[in-house]
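K.L.:
Fold the following for me, if possible:
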Amino acid sequence: MAEIALSTAPAHLRHGSNSGQPLTRRDGLLKVTGAARFAADHHPPGLLHAVIAASTIARGRVVSLDLAAAMAHPGVVAVMTPAHKPPLAADPDAKTNPFMFRLDLLQNDRVRYAGQPIAVVIAETLEAATEGAALLAPRYQREPARVGFEDATVFTPPAVGVGSPAEVVVGDVAAELAAARLRIEATYETPAQYHNPIEPHAIVAAWDGEKLSVDTPSQGLAMARARIAGLFGIPAENIEIRSPFLGGGFGCKGMLSGPQVLGIMAARLVGWPVKLVLRREQMFGPVGHRAPSRQTLRLGAEAGGRLRALDHHTLTASSTFDDFFEPASNASHTLYASPALRSAHEAVRLDTGTPLFMRAPGEATGSIALESAIDEMAAACAMDPLAFRLENYAEVEPISGKPFSSKALRECYARGAERFGWTARPLAPGAMRDEAGLLVGWGVGTATFPALMFQGQARAVIRADGTGLIECGAQDMGQGAWTALAQIGADGLGLDLEQVEFRAGSSDLPDAGIAGGSAHTATAGMAIHAAGADAIGRLAALATGDERSALFGAGNAGVIARAGRLYRRDDETRSERYADILARAGLFEIDGRGSGAADPVALARYAMHAHGAVFAEVKIDPEFGQIRVSRLVGAFAAGRLVNPRLVRSQYYGGMIWGVSFALHERAVVDPRSGRVMNANLAEYRVPVNADVPSLEAILVEEEDPHVNALGIKGVGEIAITGSAGAIANAIWHATGRRLRRFPVTLEQVAGVAG
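P.N.:
Below is the predicted model of the structure:
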């Protein structure tokens, strides 16, 4: 193979490329017609239904359950409790890697948070299982619940996020603050936010001896498979997980959750297939959430606006039994040049489910505080907020000193500001009203998210008829992975998209890595690209070594794959169809394997991030304080775009979530019981159509030769990071008041506007 000189140009640069095209989703028709089958749509023969009985207290223990009443209900088959459950081969509280979290699997009678599963009722119908769970009528021995920052002891966590240090310091922050001409200190509070994808966690599990088949939503099939294998003591190859579609993930389906494992346990207990689907209120507890934060920022600057110090401190919370600490202060690592920089985290332990990854974990929470503080410093310097950001533009990554692999943030600022009309913004707040008398404010926020890659594998096949097949255990959460990855695969095989079959969503396919961290397209895409190159290389070896081929002897000159043919690089009049090469060799197919992972040399040398700028307009009723976001314009640079249509959709989603973060979303916790009081979609407020403003996403071109061979960065999370801060800053510009507790509500604004 080494002697075959293939085209070294990335697939997306070849003539007739599928990548870069704004194609519609390949799975769109399935979804709009209802033909796409999600986990809970499966009904194998003999299916039983399982319903979780969840704790209504946050701390204590279960004293009794009325098992007799539940079992007496018609249709109830079994009740799974700590005393009556199948054995596990591993301790669900054990942790062997940073992505493993402790699970509530009916270990004992202890209650660690409200909403914790305390029993599972299995019945012939969903109605019978639901009624059986209600009849359990648990009695508790209650203990005082710790629900707020003031209820627990503050400590410094050993790490934040996934292994990041709790504190990072560059320069002498205290000295630079003391020497600064202008200083601000402000504290911002963000609430707990809970995952609410349209599809709740669900599982259909069926055992066949020691083999297990599972339908369940998963952002990481191989990781889930390994976790199940360890818990039940069976070989991973005995487990098949099917997850072709997810009705939203956003991080909560990244790791296997306790309720999913309880469904597998229930199926083993009764010996029949079992379906377990969480009710909406049961999403508020055992499947992760975004932790609350209290962030204090201290900034020092010269009179001309140049920063001298940036100190970002976060107080966050985790559960009493596990460790995940929101790395909010790390949002200050990358954006603004300052000779002194400190990020620090402290934490408390509360009687809550363990917070986990939620869209832009750390960056979303930290950026709303950082961007608000940057605006406050700009006002202290009597500077336009955009001019202040440009004055402190970081040419290298502030925390590390590394050069950026690419950074088109200046162009994002310029193009977003021009489209928005930023130059017409008055410097003084409260100076604009519309024709209806509403206060108008304009704000800006900078967006950033790291360009991550995990590890993944893929298989590419060229068939005897000249068509192709791509196989990888990828997931589509609605972001369009089936389409974008197929586009990369088609280019890698030198075929039109219609000639390529794409198989994904099953654990028996090559591990494509986790669909998280905005890394899925880069990780799986690079694996697919490499697999295609391997398959083409094998095919080229057949042709160039065959005297009967028009490509014989082309090894040194090389070949190019295009439109189902191999062409000599030095003489494109000499070519041959894939099908003819395989037929002459007597092969039905030829395949290639590929992997995708970050380049450690490039990682050591460069800081890799996507960037953007979001401009927001708000309108506020001066009498009632009602806030409307009327316009959002975002400009983003995220490397090479595989499918601009899908990218724009992701930016819209992030910007809408920014509206939610700034104005709507929060969990309200009862301080007496520790229960989330608004655990439903009626009272847990997220934006509806009437709340979504005019949206515009500008796709700024960016070439990055270092991030990976395809030049791809992630787009799924970046747009939430600038949007929430832009809205908060627009509210100040409209009212002249800084509101530092999020979400900003009507009550906060009423009486201070106008």
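K.L.:
what bits of this protein have low per-residue confidence?
P.N.:
1-16, 751-754 (pLDDT under 70).
K.L.:
quick one: buried residues of the longest helix seen in the chain?
P.N.:
The longest helix of the chain (DSSP state H) is helix 520-544. Across helix 520-544, burial judged by 16 or more other CB atoms under 10 Å covers 520-544. C-beta: built from backbone N, CA, C; applies to glycine.
K.L.:
ok, now stretch 569-579?
P.N.:
Those would be 574-576, 578-579, for stretch 569-579 by 16+ other CB under 10 Å.
K.L.:
Now the phi/psi pair for Ala178, please.
P.N.:
Per-residue torsions, Ala178: phi -70, psi -30 (degrees, to the nearest 10).
K.L.:
Use 6 as the first number for this chain going forward.
P.N.:
Sure, I'll start numbering at 6, so the last one becomes Ala183.
K.L.:
What is the burial count for it?
P.N.:
Number of residues near Ala183 (other CB atoms under 10 Å) recorded here: 12.
K.L.:
Pretty sure Phe326 sits against Arg115.
P.N.:
No - in this structure, Phe326 is not within contact of Arg115 by CB atoms under 8 Å, at 9.1 Å.
K.L.:
hang on, the earlier thing: can you list which of the buried residues of stretch 574-584 are found in helices?
P.N.:
The members of these that map onto helices under DSSP H are 583-584.
K.L.:
for the longest helix of the chain, the distance to its chain's centre please.
P.N.:
Using CA atoms, centre = their mean, to the nearest Å, the mean C-alpha position of helix 525-549 is found 27 Å from that of the whole chain.
K.L.:
what packs against that helix?
P.N.:
Other helices and strands packing on helix 525-549, by 3 or more CB pairs under 8 Å, 6 or more residues apart in numbering; DSSP states H and E, are strand 461-468, strand 473-476, helix 486-498, strand 564-567, strand 570-573, helix 583-590, strand 594-601.
K.L.:
got the angle for that helix vs helix 486-498?
P.N.:
In terms of direction (axes from the mean of the first three to the mean of the last three CA atoms, to 10 degrees), helix 525-549 departs from helix 486-498 by 30 degrees.
K.L.:
angle of helix 525-549 against strand 461-468?
P.N.:
Counting by the same axes, to 10 degrees, helix 525-549 lies at 40 degrees to strand 461-468.
K.L.:
related to what we said a few turns ago, looking at the buried residues of stretch 574-584, point me to the pair that's furthest apart.
P.N.:
Arg579 and Ala584 (17.1 Å; CB to CB).
K.L.:
what's the next secondary structure element after whatever helix or strand Ala73 lives in?
P.N.:
Using DSSP states H and E, Ala73 sits in helix 72-77. Counting by DSSP H and E, the next helix or strand C-terminal to helix 72-77 is strand 81-85.
K.L.:
Next, count neighbours for Glu706.
P.N.:
Other residues close to Glu706 by other CB under 10 Å number 10.
K.L.:
any idea how far Arg415 is from it?
P.N.:
Remark: distance between Glu706 and Arg415 (CB to CB, to the nearest Å) = 13 Å.
K.L.:
How many residues are close by the residue nearest to Gly510 when sequence neighbours are not counted?
P.N.:
Nearest-residue entry for Gly510: Pro249, 3.1 Å, with adjacent residues in sequence omitted and distances by CB to CB, 6 or more residues apart in numbering. Each residue near Pro249 was counted by other CB under 10 Å, and the total is 20.
K.L.:
Ok, which of the helices and strands packed on helix 525-549 comes nearest Leu140?
P.N.:
Proximity to Leu140 (CB to CB) singles out helix 486-498 among those, at 43.1 Å.
K.L.:
For the residue lying closest to Ile625 once chain neighbours are set aside, name its beta-bridge partners.
P.N.:
In space, and not counting its chain neighbours, Ile625 is closest to Leu444: 4.4 Å by CB to CB, 6+ apart. Leu444 forms beta bridges with Arg438, Ile625, as assigned by DSSP bridges.
K.L.:
Help me confirm that Leu444 comes into contact with Gly630.
P.N.:
No - when contacts are counted by CB under 8 Å, Leu444 is not listed as touching Gly630 (9.8 Å).
K.L.:
which one of the two has more residues nearby?
P.N.:
For Leu444 and Gly630, the more surrounded residue by other CB under 10 Å is Leu444, and the numbers stand at 25 against 20.
K.L.:
ok, now which ones touch that one?
P.N.:
435, 437-438, 624-627, 739-740, 758-759 (CB atoms under 8 Å, 6 or more residues apart in numbering).
K.L.:
just how off-centre is stretch 66-77 within its chain?
P.N.:
With CA atoms, centre = their mean, you get 39 Å for stretch 66-77.
K.L.:
what's the neighbour count on Ser22?
P.N.:
16.
K.L.:
Name the nearest residue to it, ignoring sequence neighbours.
P.N.:
Using CB to CB, 6+ apart, the closest residue to Ser22 is Asp496 (5.5 Å).
K.L.:
What strand or helix carries Val619?
P.N.:
Residue-wise, Val619 maps onto strand 614-625 under DSSP H and E.
K.L.:
Now the element after that strand, going C-ward?
P.N.:
Using DSSP H and E, the helix or strand that follows strand 614-625 in sequence is strand 632-642.
K.L.:
Name the residues of that following strand that are buried.
P.N.:
Neighbour-count burial for strand 632-642 [16+ other CB under 10 Å]: 632, 634, 636-642.
K.L.:
Could you break this structure into its assigned domains?
P.N.:
16-31+459-602, 44-149+201-288, 407-457+609-754 (automatic domain parsing).
K.L.:
Just tell me which of the ones you listed ends up closest to Thr195.
P.N.:
Of all the domains of the chain, domain 407-457+609-754 comes closest under CB to CB, at 5.1 Å.
K.L.:
ranges for the strands of the stretch 656-759 of the chain?
P.N.:
Remark: strands assigned in the stretch 656-759 of the chain by DSSP state E, counting those that start in this stretch are 699-704.
K.L.:
Show me where it has its helices.
P.N.:
Secondary structure of the stretch 656-759 of the chain (DSSP state H, counting those that start in this stretch): helices located at 723-740, 751-754.
K.L.:
would a markdown table of these with distance to Ala702 be doable?
P.N.:
Shown next, in a markdown table, are the helices of the stretch 656-759 of the chain (distance: least, CB to CB, whole Å):
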| stretch | distance to Ala702 |
| --- | --- |
| helix 723-740 | 7 |
| helix 751-754 | 28 |
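K.L.:
Need the winner for burial among the ones you listed.
P.N.:
helix 723-740 (a mean of 30; mean count of other CB atoms under 10 Å).
K.L.:
picking up where we left off before, okay, now the residue nearest to Ser22: neighbour count?
P.N.:
30.
K.L.:
The one 4 residues further on too?
P.N.:
If you count neighbours by other CB under 10 Å, Leu500 ends up with 24.
K.L.:
you'd agree it is in a strand?
P.N.:
No - Leu500 sits outside any strand when classified using DSSP: H, G, I helix; E, B strand; the rest coil, being coil.
K.L.:
Got phi/psi on Leu414?
P.N.:
phi -70, psi -40.
K.L.:
pretty sure the residue nearest to Ser22 contacts Ala465?
P.N.:
No - using CB under 8 Å as the test, Asp496 is too far from Ala465 to be in contact (11.1 Å).
K.L.:
Name the residues contacting each of these two.
P.N.:
Joint contacts of Asp496 and Ala465 (CB under 8 Å, 6+ apart) are Gly537.
K.L.:
who does the strand holding Val619 touch, helix- and strand-wise?
P.N.:
Counting by 3+ CB pairs under 8 Å, 6+ apart, strand 614-625 packs on helix 414-425, strand 444-455, strand 632-642, helix 723-740.
K.L.:
nearest to His318, of those?
P.N.:
helix 723-740 (17.7 Å).
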